[in-house]
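*Asks:* Model the structure of this input:
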Amino acid sequence: MAYWSYILTAVGVFGLWLAGRKSKFGWAVGLGAQVLWLSYAVTTEQWGFILSAVAYGWVYSKNFLAWRRAELEVARG
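*Replies:* Next comes the predicted model:
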């Protein structure tokens, strides 16, 4: 099960990479990774990861909304 943390980390970094390239899919990958981290936390009984996943999920959501708002403003001109 230890290798899962490496895989989940790679998924999260990939989401950040996509978001940095201004792909809306980056935010979806990042949020999806947090769901996986929650599952990992429960399965391995590493409860601290739940707080981490919630915090990261909140930041991903907040940044997506800010990014989307700015994108809409540019589109409006």
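
*Asks:* from here on, contacts and neighbour counts on C-alpha atoms
*Replies:* Fine.

*Asks:* Residues contacting the helix or strand where V13 lies, please?
*Replies:* Assessed by DSSP states H and E, V13 sits inside helix 2-20. Helix 2-20 is contacted by residues K24, F25, G26, W27, A28, V29, G30, A33, L36, W37, Y40 when judged by C-alpha atoms under 8 Å, 6 or more residues apart in numbering.

*Asks:* Would you mark the buried spots in the longest helix along the chain?
*Replies:* Assignment by DSSP state H gives helix 48-76 as the longest helix of the chain. By 16 or more other C-alpha atoms under 10 Å, the buried positions in helix 48-76 come out as F49, I50, A53, V54, Y56, G57, Y60, S61, F64.

*Asks:* Quick check: chain neighbours aside, which residue is closest to the first one?
*Replies:* In this case it means F49. Residue nearest to F49 in three dimensions, not counting chain neighbours: A41, with 5.3 Å by C-alpha to C-alpha, 6 or more residues apart in numbering.

*Asks:* Perfect, I'm done here.
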